[in-house]
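>>> Next input, structure requested:
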Amino acid sequence: MDITLYQQDIIWGDPEGNRSRAEAAMAAAPRSDIFVVPETFTTGFGDHMASLAEPPDGPTLQWARRMAGLYGVLFVGTWIVREGDRCYNRLHWVYPDGSFGHYDKAHTFRVSGEADQISRGTARAVFEYKGWRIRPAVCYDLRFPKWLRNGSTTQEGLSGSGDSGSRTMDYDLLLVCANWPASRREAWSTLVKARAIENLCYVAACNRTGTDAEGGIYSGDSAIVDYKGFPLTGTTATLDKDRLDTFRQKWPFYLDFD
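Model (predicted):
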């Protein structure tokens, strides 16, 4: 399966302009099965996000459905959605046929004030595409290994039971959309590799570039990493499910997960 990450230089507070940039990037990109944009790709990440929140079926979702169909890809990205009196940093996956699902960011970044305006999601999610089981995550989630632990939804109650043979992997690919600043780029690259190694999975992590209106600098550093922690070349790569399965069979570390 082929995946492309778009390291977007996000225009501050301009959803229409940012959708146009992403659309141009999709048109120019190599044909892939999955196309990923950064966290809050329509607005940028800052104090203004809640004021630009869209309804769940708003213009960005309608646009994403058109793009997924036009280019025959699974489109993945986050934007701010308002439901009632709450806003969520919502990661969407949109299939080529126009159907879609979502995951609400579980760990809102309190240091920046995101937690003051954006409500936390509470549900893990795994979805399937072309034979791959995919776990979505958003930026700050990457720092929380217990939340992203592979097999977490099938291992509950197994601790100390001795029934390790019944443990299974929940997902094959961890997809991360982020606005991760250049000042913490070493943590970013280290965590991306760590999540791949400990979860026996591929990780595709898409980050933005450029400078935002609040002075934040972003260096991109988007990465596609294999299950051994080795980065694949570039922001477009081919993932090999057979090799992943073979590695898991030879090294079934998941049977001893805590």
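
>>> Spatially nearest residue to A22, not counting backbone neighbours?
In this structure, A22 finds its nearest non-sequential neighbour in V37, 5.4 Å apart by CB to CB, 6 or more residues apart in numbering. (Each C-beta comes from the backbone N, C-alpha and C, glycine too.)

>>> so what's that neighbour up against?
6, 8, 22, 75-77, 177, 206 (CB atoms under 8 Å, 6 or more residues apart in numbering).

>>> ditto for R19
Contact criterion CB under 8 Å, 6+ apart gives 42, 59-60, 63 as the residues in contact with R19.

>>> returning to that earlier point: among the contacts of V37, which are located in helices?
Secondary structure assignment by DSSP state H places A22 of these in helices.

>>> ok, now how distant is the residue nearest to A22 from P55?
Distance from V37 to P55, counting by CB to CB, to the nearest Å: 20 Å.

>>> hang on, the earlier thing: so which of the contacts of V37 is the most crowded?
Counting neighbours by other CB atoms under 10 Å, C177 comes out on top of those with 30 neighbours.

>>> wait, doesn't it sit right on W79?
No. Contact criterion CB atoms under 8 Å: C177 and W79 do not qualify, at 9.9 Å.

>>> Which strands or helices does the helix or strand harbouring A187 pack on?
If you go by DSSP states H and E, A187 is part of helix 185-199. Other helices and strands packing on helix 185-199, by 3 or more CB pairs under 8 Å, 6 or more residues apart in numbering; DSSP states H and E, are strand 173-178, strand 202-207, strand 223-225.

>>> who touches it?
Identification of contacts with helix 185-199 by CB under 8 Å, 6+ apart yields 142-143, 145, 148-150, 171, 174, 176, 178, 180, 201-203, 205, 207, 219, 221, 223, 225-229, 231.

>>> Among those residues, name the buried ones.
The neighbour-count test (16 or more other CB atoms under 10 Å) applied to these identifies 142, 148-150, 171, 174, 176, 178, 180, 201-203, 205, 207, 219, 221, 223, 225-227 as buried.

>>> All set, thanks.
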